[in-house]
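*Asks:* Sequence below, structure please.
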Amino acid sequence: MAPTTPATTVWDTKTQQFHGGQEWQFIDNFVEDFSVTTNGLGLPKKALQAARDSLDISHHYPAADQEPAKTNLAKFYAPDGFESVHERLLLGNGASELIDLVTRAAPEGPWKPGPWTVQYKEYERSAIALGRKVLAPKDATPASLTCIVNPNNPTGDYMNIEALKKYIEETVADNTDVMVDESMQPWHSPSFRSDSLISQPTWIANLFQTRGIAVYLIHSWTKLWSCTGLRLGSLVCPTVAHCTALKKVQVPWSVNVPALAFLQVVTSSDEQPFLDETWAVTTPWRTYTVDALTTLGQHVNSGKGWTITGEPFLSWVWIDMHDAEVAAQAVELAKRAGVPVRSGVPGYACHTCVRAAVRKPELVDKLVRAWQPLVKA
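*Replies:* Numbering: from 1, shown residues only. Next up, the predicted model:
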């Protein structure tokens with residue numbers, strides 16, 4: 001039986017930040033959740049089985065050193081030099097815990113996102129909760145903590161590695177901290193590491209030594225491996241000393257037994273076929289989604305069409321429908337059809353925009369059919 005609590009009451013809007021992925025449990029005819037940016041392939045089967053099997057030992061505490069899952073993740077990050085990553089690596093209860101941890105430890109002063117005006121809100125929520133002044137992305141005032149989501153959620157904007165480094169070098173003040181969220185970057189390609197900050201340990205070390213800029217690399221692994229309910233995040237610190245300082249104040253046992261078992265297997269060669277399939281299908285699925293929605297949008301808003309943004313490799317599309325009423329109708333129609341999408345209103349204040357996940361073409365067709373009433377005769 002579906003819960004009777006209205007979806008609108010799930011979030012305490014006075015204290016919490018709205019996030020997608022809640023409405024599915026209140027929809028009697030639920031088909032697919034388009035409101036989240038998770039992998040369209042779903043959960044990797046072998047890693048899921050490992051998590052299930054681990055329930056048999058859940059009467060024991062998780063490993064205090066988080067091994068062997070932590071070593072496996074370090075090897076996933078850097079197959080040819082994992083030791084350096086391992087000693088600077090922290091695991092957490094999703095990225096949210098680690099975002100909050102760094103926000104608490106960063107130098108006192110303002111917080112700034114960058115460079116996009118719309119960005120994943122958890123960083124801002126944490127900054128506000130800790131009393132930091134929030135600066136606009138283009139504000140020239142030096143920020144004590146800068147947070148960059150790359151690829152950017154929800155807009156899908158992306159800086160390659162050289163553009164990202166240049167942005168940090170030119171806009172971040174000396175003796176401050178930077179968090180770079182690359183949660184969606186592994187979708188890039190099988191060679192994603194070469195376009196990630198994980199490939200830049202020397203640059204990160206030099207930046208801290210010469211200018212005192214501490215660069216933290218954040219990943220929420222719940223999207224790539226579609227395990228949002230297990231809560232898995234990681235943080236690669238700029239130095240071992242930074243990692244040690246954060247570990248001292250991190251809440252113990254923040255990653256549970258099933259999550260560690262899942263991580264141990266999903267980062268092993270056993271689940272390489274899952275990643276290979278992800279890289280093989282996501283771009284064509286997204287192309288199908290963009291083409292279908294572009295065609296539909298041409299028949300809405302008196303032919304004005306819809307603007308769809310984001311890199312081809314990403315697991316979602318950001319749709320500007322150029323009409324707040326149409327966007328609101330689209331959100332409601334999708335919910336009624338059992339294929340909920342993410343409204344651009346809560347958190348982002350983008351009243352004409354909607355975010356939709358990339359899914360199999362047959363599921364995209366269901367979303368398109370749900371939106372057919374938007375077409376005016």
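*Asks:* buried sites along the longest helix seen in the chain?
*Replies:* Among the segments of the chain that qualify as a helix by DSSP state H, the longest is helix 272-297. The neighbour-count criterion (16 or more other CB atoms under 10 Å) identifies 274-275, 278-279, 281-283, 285-286, 288-290, 292-293, 296-297 as the buried residues of helix 272-297. The C-beta positions use only the backbone N, C-alpha and C, and glycine is treated the same way.
*Asks:* State the mean pLDDT of that helix.
*Replies:* Summarised as a single mean, pLDDT over helix 272-297 is 98.
*Asks:* Now the element after it, going C-ward?
*Replies:* strand 307-309 (DSSP states H and E).
*Asks:* Pull the distance from the following helix or strand past that next one to the chain's centre.
*Replies:* On the C-terminal side of strand 307-309, the nearest following helix or strand under DSSP H and E is strand 316-320. Its chain's average C-alpha position is 15 Å from that of strand 316-320, according to CA atoms, centre = their mean, to the nearest Å.
*Asks:* what does stretch 61-71 give?
*Replies:* Once both centres are worked out by CA atoms, centre = their mean, stretch 61-71 turns out to sit 23 Å from its chain's centre.
*Asks:* And it, end to end?
*Replies:* Criterion CA to CA, to the nearest Å; first-to-last residue distance in stretch 61-71 is 19 Å.
*Asks:* just checking, what packs against the longest helix of the chain?
*Replies:* Using 3 or more CB pairs under 8 Å, 6 or more residues apart in numbering; DSSP states H and E as the contact criterion, the secondary-structure elements in contact with helix 272-297 are strand 307-309, strand 316-320, helix 361-370.
*Asks:* ok, Gln185 touching Asn150?
*Replies:* Yes - Gln185 sits in contact with Asn150 when judged by CB atoms under 8 Å, with a separation of 6.8 Å.
*Asks:* ok, and for the helix or strand of the chain with the lowest mean pLDDT, which residues are buried?
*Replies:* Across the helices and strands of the chain, mean pLDDT, DSSP states H and E gives its lowest value to helix 122-129, namely a mean of 91. Burial within helix 122-129, assessed by neighbour count using 16+ other CB under 10 Å, is assigned to Glu122, Tyr123, Glu124, Arg125, Ser126, Ala127.
*Asks:* Of those residues, just say which sits nearest to Val215.
*Replies:* Each of those was checked against Val215 using CB to CB; the closest is Tyr123, at 14.7 Å.
*Asks:* Please render the buried residues of helix 122-129 as TSV that adds distance to Gly310 to the earlier fields.
*Replies:* Written out in TSV, the entries for those read as follows (distance: CB to CB, whole Å):
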residue	distance to Gly310
Glu122	19
Tyr123	20
Glu124	21
Arg125	23
Ser126	25
Ala127	25
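*Asks:* nearest residue to Glu81 other than its sequence neighbours?
*Replies:* No Glu there; residue 81 is Gly. The spatial neighbour of Gly81 that comes closest, neighbours along the chain excluded (CB to CB, 6 or more residues apart in numbering), is Pro201 at 7.8 Å.
*Asks:* repeat for Ile168
*Replies:* Val178 (6.0 Å).
*Asks:* Quick check: that neighbour is in a strand.
*Replies:* Yes - inclusion of Val178 in a strand is indicated when DSSP: H, G, I helix; E, B strand; the rest coil is applied.
*Asks:* So for stretch 57-67, what gets flagged as buried?
*Replies:* Within stretch 57-67, the residues scored as buried using 16+ other CB under 10 Å are Pro62, Gln66.
*Asks:* How far away from the center of its chain is stretch 239-248?
*Replies:* Computed by CA atoms, centre = their mean, the chain-centroid distance of stretch 239-248 equals 24 Å.
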